[in-house]
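> What would the 3D arrangement of this be:
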Amino acid sequence: MDINLITFLTLAVVAVGSALAMLFTRNAVYCALLLILNFMTVALFYLTLSAPFIAISQVTVYAGAIMVLFLFVIMLLGAEQTGRIAARWWFQPGAQVLALIFLVELAVIVFAQRSQLTGVAEVPDSFGAPFEIGKILFNQYLLPFEATSILLLAALIGAIVLTRSEKKK
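Predicted structure coming up:
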C-alpha cells in the first residue's frame, strides 16, 4: 500500500471523526476545540499537497485567531452548554433534500473530472510563493481583506457590549 494513501486515509478519518464529534457534543468549548483539531487536519492536507504557505495560513488564521475569538466569546457569554432543542418538523426533510443534492453534485464533480483528466497542468515556479500571494492579496483583494477585519472587530465589540452589566447605584 502506498504511503500517500495511508496518510490520506488517516487524515480523512481524523477530519471526519472530529467533525462528527463536533456536531454531537453538547459542550461549546469542546465543540470549539474539536473544530481546532479539524482545522489542523485540513492544514495537514495542505501540507500533503505541497502547499506549506496555505497550511501555515490555515493554522494561523483559523486555528489561531478565529478560534481564540470563538472561545473568548463562548467564555465571555457563559454559553458553555449549547442547550440544543429538538429539530422542527420541517427541518429533517429539508436537510435530507439538501444532503441528496450535495451528494449528486459531489458525484458529478468527481466522476466528470476524472473522465476529463488527461494530464497534469503546468504550474509556474512562483505559484503559491508568499510574495506573489501578498501582492495579489494587497492589490486585487484589499477591500475584502479589510472588510473581514472590520467584521471581526464588530463581532468582538458586540460580544463585549452584550455581556457588559450595568452598575447598580
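
> In space, not sequence, find me the middle residue of this structure.
For the chain, the residue nearest the mean C-alpha position is F39 (6.0 Å; CA atoms, centre = their mean).

> for that one, what are its contacts?
Neighbouring residues of F39 by CB atoms under 8 Å, 6 or more residues apart in numbering: Q58, V59, Y62, A63, M67. Bear in mind the C-beta positions are built from the backbone N, C-alpha and C, glycine included.

> List just the nearest of the residues you listed to G128.
Q58 (13.2 Å; CB to CB).

> That closest one: how many residues sit nearby?
21 (other CB atoms under 10 Å).

> cool, and the one 3 residues further on?
The burial count assigned to V61 is 13, neighbours taken as other CB under 10 Å.

> now it: how far from I101?
30 Å (CB to CB, to the nearest Å).

> Could you list the domains of the chain?
1-84, 87-116, 128-169 (automatic domain parsing).

> which stretch among the ones you listed comes nearest E122?
E122 lies closest to domain 128-169 among the domains of the chain, at 14.0 Å (CB to CB).

> I'd like the domains of the chain as a markdown table, with mean pLDDT and distance to E122 appended.
A markdown table is the format used below for the domains of the chain (pLDDT from 0 to 100; distance: least, CB to CB, whole Å):
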| stretch | mean pLDDT | distance to E122 |
| --- | --- | --- |
| domain 1-84 | 82 | 15 |
| domain 87-116 | 69 | 17 |
| domain 128-169 | 84 | 14 |
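
> Could you look over the ones you listed and pick the most buried one?
domain 1-84 (a mean of 14; mean count of other CB atoms under 10 Å).

> just how off-centre is that domain within its chain?
The chain centre lies 7 Å from the centre of domain 1-84; the measure is CA atoms, centre = their mean, to the nearest Å.

> again with stretch 148-161
On CA atoms, centre = their mean, the centre of stretch 148-161 falls 19 Å from that of its chain.

> can you list contacts of it?
By CB under 8 Å, 6+ apart, stretch 148-161 touches A65, I66, L69, F72, V73, L76, L77.

> what's the closest of those residues to C31?
V73 (12.6 Å).

> L9: which element?
Under the criterion of DSSP states H and E, L9 resides in helix 3-24.
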